[in-house]
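Engineer: all I have is the shape, not the residue letters:
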């Protein structure tokens with residue numbers, strides 16, 4: 001398998017290292033000067049990993065399918081406005097992509113636990129959910145893609161909540177889910193979901209120590225796409241985890 005990572009930031013390099021550790025030949029490409037990658041760079045590439053920026057995903061996918069690529073792992077956030085167009089492009093060109101706000105297997109498990117907790121807490125009077133996430137000071141999107149996914153799960157499970165709070169002064173909004181983002185230091189990612197009730201507080205926490213788990217998830221997604229033909233369009237990372245195959249996560253050196 002030949003892989004090309006679009007995005008030469010810390011995460012893109014971590015994915016390249018993880019792929020190489022699994023015997024996959026991987027190249028890394030930075031942001032193109034002309035605004036779109038030359039289709040020629042995709043020659044011989046079996047899978048493209050997008051680890052760039054949300055506003056570049058659509059152009060990257062278009063360039064890659066134009067260059068003959070039919071397998072993608074989209075590991076970028078903040079591209080929701082282009083999601084339908086990306087999905088349509090993939091289907092039209094017979095290409096398949098695994099997309100996730102967080103490719104960490106632990107994040108997926110965490111999301112399922114949060115959803116279960118939210119369903120149970122919604123049956124109790126006075127238990128209010130909240131989400132707090134903390135990332136390095138340079139992270140662009142706020143809240144994180146993982147926090148937005150957690151919020152979607154909680155809203156789906158709790159009929160008393162129908163929207164995420166807006167950043168205004170004053171008391172909590174009626175029917176709102178409080179989501180708070182902290183940007184400080186070098187934290188690679190910490191997500192806390194709580195349910196505050198009468199006399200007690202329940203808290204669930206996912207803490208990333210480095211990018212190794214996310215990179216391992218991307219490797220698993222690339223292999224899932226490569227081992228057999230998948231239906232054209234977008235696939236959730238859950239499909240990879242639910243195959244039952246063991247996902248090896250090696251700690252960063």
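Structural biologist: Received it, and whenever you're ready, just let me know what you need. It should be emphasised that the depicted structure is a prediction, and the values quoted were computed from it without experimental measurement.
Engineer: ok, residue 56 to residue 31 distance?
Structural biologist: Counting by C-beta to C-beta, to the nearest Å, the gap from residue 56 to residue 31 is 7 Å. All C-beta spots, glycine's among them, are computed from the backbone N, C-alpha and C.
Engineer: so for those two, which sits in the more crowded spot?
Structural biologist: For residue 56 versus residue 31, the count of surrounding residues by other C-beta atoms under 10 Å is larger for residue 56: 21 against 14.
Engineer: for the more buried one, phi and psi?
Structural biologist: phi -110, psi -10 (degrees, to the nearest 10).
Engineer: might one say that it is in contact with residue 29?
Structural biologist: No: using C-beta atoms under 8 Å, residue 56 is not in contact with residue 29; the gap is 11.3 Å.
Engineer: which neighbours do the two share?
Structural biologist: Common contacts of residue 56 and residue 29 (C-beta atoms under 8 Å, 6 or more residues apart in numbering): residue 6.
Engineer: who are the packing partners of the helix or strand harbouring residue 116?
Structural biologist: Taking DSSP states H and E as the definition, residue 116 sits inside helix 105-121. Judged by 3 or more C-beta pairs under 8 Å, 6 or more residues apart in numbering; DSSP states H and E, helix 105-121 is in contact with helix 145-157, strand 190-197, strand 200-207, helix 212-227, helix 238-241.
Engineer: for residue 18, find the nearest of these.
Structural biologist: Checking those against residue 18 by C-beta to C-beta gives helix 212-227 as the closest, at 3.8 Å.
Engineer: may I see the buried residues of the closest one?
Structural biologist: 212-225 (16 or more other C-beta atoms under 10 Å).
Engineer: let me know the angle separating that helix from strand 200-207.
Structural biologist: 60 degrees (axes from the mean of the first three to the mean of the last three C-alpha atoms, to 10 degrees).
Engineer: moving C-terminal of helix 212-227, what's the next helix or strand?
Structural biologist: strand 233-236.
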